[in-house]
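Novice: build me a structure from this.
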Amino acid sequence: MMSTQRYLPAYVEIADDIRHRISSGALSGGDKIPSERELCEQWHVSTITARKAIESLRAEGLVYGVRGRGTFVRKGQPLRRIAPQRYWRPHSKATYKHEAETAGRTVAVEHSVTSVKAPAEVAERLGLADGDQVKQITYLIRMDDQPVSASVCWEPLAITGGTDIEDPHQGPHAGSGIVPRFDSIGYRVDRVKEILTIRMPDPEEASTLDIPPGVPVVEIQQTFTSDGTPVETADIVFPADRYTLEYDMEIR
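Specialist: Numbering: from 1, shown residues only. As a prediction, this is how the structure comes out:
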């Protein structure tokens, strides 16, 4: 008589066990799961099998890795990105800091700042001549060690050059949001235009942002203006599973 017992590979059993612990609440968002070595000892399996179990959970988007620290359960509640309130003047901090505090998460930012000639598309967005100088700022933002967004911003040096806000991470307004920064030099930012595109990530984005297979990204092309003058434009990319987009706008 043929047996009806279904054989499961060891890595599937291990992944099922951890998945159940997550769904039951035994493991919560931010908790560390057993390491490969610990799984090998607990389940009497090879390193390859333990690694395959963890990789399958990462592919499902249930866990994420932090180099040198281990693998952690993803927080199920996405961050809230509320427009247009995120730009209101009472928010003196950078918007990502405000969002992290609201969600009770710690934030870490990698950034680099350099002066470059404006690429043609950037020059067009900022109303500049091709090749005019801009300050280029790149960001990789993590919350609770998980990457949540990557972006590149450009600001015309014809406006910011020689002022206290030329470098957004130095001087008296370091770490402030765009609205109070430009207020301080007499440019009252009064409008933001955002164009959203949903697409699949390229390999570099998938690696940098730790995006599971099948998860798209939201790409935002963003431009701020002051009395019709563009003062900053940016390209922002974040995985669609990290944020909830909320729009609460007045109907005129």
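
Novice: is the residue nearest the centre of the chain in a helix, a strand, or coil?
Specialist: Geometric centre of the chain, nearest residue: residue 149, 1.7 Å, by CA atoms, centre = their mean. Secondary structure state of residue 149, per DSSP: H, G, I helix; E, B strand; the rest coil, is strand.

Novice: please, which helix or strand holds the spatially closest residue to it that is not a sequence neighbour?
Specialist: Spatial nearest neighbour of residue 149, excluding adjacent residues (CB to CB, 6 or more residues apart in numbering): residue 238 at 3.9 Å. To be clear about C-beta, it is placed using only N, CA and C from the backbone, and glycine gets the same treatment. According to DSSP states H and E, residue 238 maps onto strand 229-239.

Novice: same check, this time on residue 112
Specialist: Going by DSSP H and E, residue 112 is part of strand 107-117.

Novice: same for that strand, what does it pack against?
Specialist: Here strand 107-117 touches helix 95-103, strand 133-143, going by 3 or more CB pairs under 8 Å, 6 or more residues apart in numbering; DSSP states H and E.

Novice: re the thing from before, and the strand holding residue 238 with strand 133-143, angle?
Specialist: Using axes from the mean of the first three to the mean of the last three CA atoms, to 10 degrees, the inter-axis angle of strand 229-239 relative to strand 133-143 is 30 degrees.

Novice: which residues are in contact with strand 229-239?
Specialist: With contact meaning CB atoms under 8 Å, 6 or more residues apart in numbering, strand 229-239 is reached by 122, 125-127, 148-156, 159, 178, 182, 187, 189, 201, 205, 209, 211, 215-225.

Novice: returning to what we had before: bridge partners for the residue nearest to residue 149, pull those for me.
Specialist: For residue 238, the beta-bridge partners are residue 218 (DSSP bridges).

Novice: now do it against residue 8, distance only.
Specialist: 35 Å (CB to CB, to the nearest Å).

Novice: between these two, which is the more surrounded one?
Specialist: residue 238 (24 against 11; other CB atoms under 10 Å).

Novice: single out the most deeply packed of the helices and strands packed on strand 107-117.
Specialist: Highest mean neighbour count of these: strand 133-143, a mean of 19 (counted as mean count of other CB atoms under 10 Å).

Novice: what is the mean pLDDT for stretch 201-208?
Specialist: Averaged across stretch 201-208, pLDDT comes to 94.

Novice: so where is the stretch 1-150 of the chain shaky, pLDDT-wise?
Specialist: For the stretch 1-150 of the chain, the stretches flagged by pLDDT under 70 are 1-6, 76, 88-92.

Novice: strands of that one, residue ranges please.
Specialist: Along the stretch 1-150 of the chain, the stretches classed as strands by DSSP state E, counting those that start in this stretch are 63-66, 70-73, 79-83, 107-117, 133-143, 146-156.

Novice: elements contacting the second one?
Specialist: Based on contacts counted as 3+ CB pairs under 8 Å, 6+ apart, the elements that strand 70-73 packs against are helix 47-59, strand 63-66.

Novice: mind redoing it with 7 Å?
Specialist: strand 63-66 (3 or more CB pairs under 7 Å, 6 or more residues apart in numbering; DSSP states H and E).

Novice: report the buried residues of the strand it packs on.
Specialist: Burial within strand 63-66, assessed by neighbour count using 16 or more other CB atoms under 10 Å, is assigned to 63-64.

Novice: that strand pairs with which strands, and in what direction?
Specialist: Per DSSP bridges, strand 63-66 is paired in its sheet with strand 70-73 (antiparallel).

Novice: outside of the partner strand, which residues touch it?
Specialist: Identification of contacts with strand 70-73 by CB atoms under 7 Å, 6 or more residues apart in numbering yields 22, 27-33, 35, 54, 62-66.

Novice: buried stuff in it?
Specialist: Within strand 70-73, judged by 16+ other CB under 10 Å, the buried ones are 71-73.
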